[in-house]
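Asks: Sequence and predicted structure are below.
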Amino acid sequence: MSKKFNFMATGIGSLPFTDPGEACKLIFQHVPEAPHWPQLPRLSPREGMIDQFLEGVPGVVEAGGKAYLRALEPYQEWEQFYEDYEGSNLEACAISRERAQGLHAFLEEIVRREPPPFIKGQVTGPITLGLTLKEQGGTAAFFNPDLRDMLVKLVAMKARWQEETLKRLLPQAETIIFLDEPILSSYGSAFMNVSREEVISALREAIAPLQGFKGVHICGNTDWPMIMEIGLDIIDFDAFYYLSSFLLYAEQLQAFLEGGGAIGWGIVPTDEEALKNVEPSDLASTLTEGMDQLVTEGIGQALLSERSLITPSCGTGSLSEAGARTAYQVTAEVAAILRRDYAS
């Protein structure tokens, strides 16, 4: 796999559109080297980052716009789930058009276009799924060992199904699959009683079946040295608000990059007001200053350039349609500036 990203631009996942075609058009226009399928939560509640990935979950009860999980019942569903997992029956965890109109519109459109060098998918990660979904009594599913094990395996199958589907359609493109883990922004706080070992174990198992690039997106600050130990190829984070705290870990970052890792710099804000006041050249300068700091710490500029992607700071689903268009346009412009100035 080529690891020379050279400030290539891509997106995170969600967009505010209700027309899948319009969402895909925006993506292909601004991030053509690494287009991603769009999640469209305003089109349907089933395209939200939790509901979108509940197909194939044993023991799930969905009613009144809410969902809860039952451990080990009904028994037949749980037995079938583990049979499918052990037999690598990925179709059991396929993502249907009903829950992902953006995905299916994307798949239909991309085969009509010139194949890109990279193609990206995403799935909500096991920590965020497990701490958001509850048992009937209200306890987070992650704290039930049976439910946690199932959700980790579910994410692994959803991720691998996407990778296989994308690769089948575009065999010459290299795949990138992100686990979206916004809840890890709360790691270490009193609101998240999850151990370092549990985080590492869950994420390692979730990415284990993937054969292409394995990434994580975290839209906040977290324990970055922990994340760098997992075995990921790409770490994407909110560099607009958290660049300075990320740069504190230059030593660990150097080891991560030299070991083959890459960084997705989410330097373009996904806040409507912030977007009104940014200039692509200023964002590029901010990131350049950050990279210069890493260079003084001993990380080679060529390595940084090769192992850098540019993204929005988070999904754009909470923006207006105009805001999303601006975010993608600015992302492309920042990437172009940095590529011009630094990439080999």
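Replies: Thanks, I have the structure now.

Asks: Residue 163 and residue 176, how far apart?
Replies: Distance, residue 163 to residue 176, by C-beta to C-beta, to the nearest Å: 9 Å. C-betas here are computed from N, CA, C, even on glycine.

Asks: Among the two, which residue is more densely surrounded?
Replies: Using other C-beta atoms under 10 Å as the criterion, residue 163 and residue 176 rank with residue 176 on top: 29 against 22.

Asks: Now the more buried one: which helix or strand?
Replies: strand 174-180 (DSSP states H and E).

Asks: Would you mind listing the buried residues in the longest helix anywhere in the chain?
Replies: Ranked by residue count, the top helix of the chain under DSSP state H comes out as helix 145-169. Buried residues in helix 145-169, counting neighbours by 16 or more other C-beta atoms under 10 Å, are found at 147-167.

Asks: that older thread, name all residues that sit in contact with residue 163 and residue 176 at the same time.
Replies: Overlap of the contact sets of residue 163 and residue 176 (by C-beta atoms under 8 Å, 6 or more residues apart in numbering) consists of 121, 212.

Asks: Could you check the angle the longest helix of the chain makes with strand 174-180?
Replies: Orientation check (axes from the mean of the first three to the mean of the last three C-alpha atoms, to 10 degrees): helix 145-169 against strand 174-180 gives 150 degrees.

Asks: How far off centre is helix 145-169?
Replies: Its chain's average C-alpha position is 13 Å from that of helix 145-169, according to C-alpha atoms, centre = their mean, to the nearest Å.

Asks: Stretch 250-261 too?
Replies: Centroid separation between stretch 250-261 and its chain, computed with C-alpha atoms, centre = their mean, is 20 Å.

Asks: pull the CA atoms of it into CSV?
Replies: Extracted in CSV, the C-alpha atoms of stretch 250-261 (Å, rounded to 0.1, in the frame of the first residue of the first chain):
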residue,chain,number,x,y,z
ALA,A,250,6.1,14.8,19.5
GLU,A,251,8.2,11.8,20.7
GLN,A,252,5.3,9.3,20.4
LEU,A,253,4.2,10.9,17.1
GLN,A,254,7.7,10.5,15.6
ALA,A,255,7.6,6.8,16.5
PHE,A,256,4.1,6.5,15.1
LEU,A,257,5.1,8.1,11.8
GLU,A,258,8.3,6.2,11.4
GLY,A,259,6.4,3.0,12.1
GLY,A,260,4.2,3.7,9.0
GLY,A,261,1.4,5.8,10.6
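
Asks: on that earlier part again, and the next helix or strand past the strand holding residue 176?
Replies: helix 196-207.

Asks: At which residues are the strands of the protein located?
Replies: 8-9, 60-63, 66-69, 118-124, 134-135, 174-180, 213-218, 234-237, 262-268, 308-312 (DSSP state E).

Asks: What is the longest helix of the chain packed up against?
Replies: On a contact count with 3 or more C-beta pairs under 8 Å, 6 or more residues apart in numbering; DSSP states H and E, helix 145-169 meets helix 75-86, helix 101-110, strand 118-124, helix 126-132, strand 174-180, helix 196-207.

Asks: wait, which of those is closest to residue 218?
Replies: strand 174-180 (8.4 Å; C-beta to C-beta).

Asks: Give me the angle between the closest one and strand 262-268.
Replies: Using the same axes, to 10 degrees: strand 174-180 against strand 262-268 is 60 degrees.

Asks: Now do stretch 12-20, average pLDDT.
Replies: Mean pLDDT, stretch 12-20: 98.

Asks: list the buried ones in it?
Replies: 12, 13, 14, 15, 16, 17, 20.

Asks: Same check on stretch 38-49?
Replies: If you call a residue buried by 16+ other C-beta under 10 Å, then stretch 38-49 has these buried ones: 38, 39, 40, 41, 43, 44, 46, 47, 48, 49.

Asks: got it, and stretch 215-231?
Replies: Buried residues in stretch 215-231, counted by 16+ other C-beta under 10 Å: 215-222, 224, 226-230.

Asks: Let me know the closest of those residues to residue 98.
Replies: Taking C-beta to C-beta as the measure, residue 98 lies nearest residue 217 of the buried residues of stretch 215-231, at 24.7 Å.

Asks: Tell me which residues touch the nearest residue to the closest one once chain neighbours are set aside, please.
Replies: Distance criterion C-beta to C-beta, 6 or more residues apart in numbering; nearest residue to residue 217, sequence neighbours excluded, is residue 236 at 4.3 Å. Contacts for residue 236 (C-beta under 8 Å, 6+ apart) come out as 12, 178, 215, 216, 217, 218, 263, 264, 265, 266, 309, 311.
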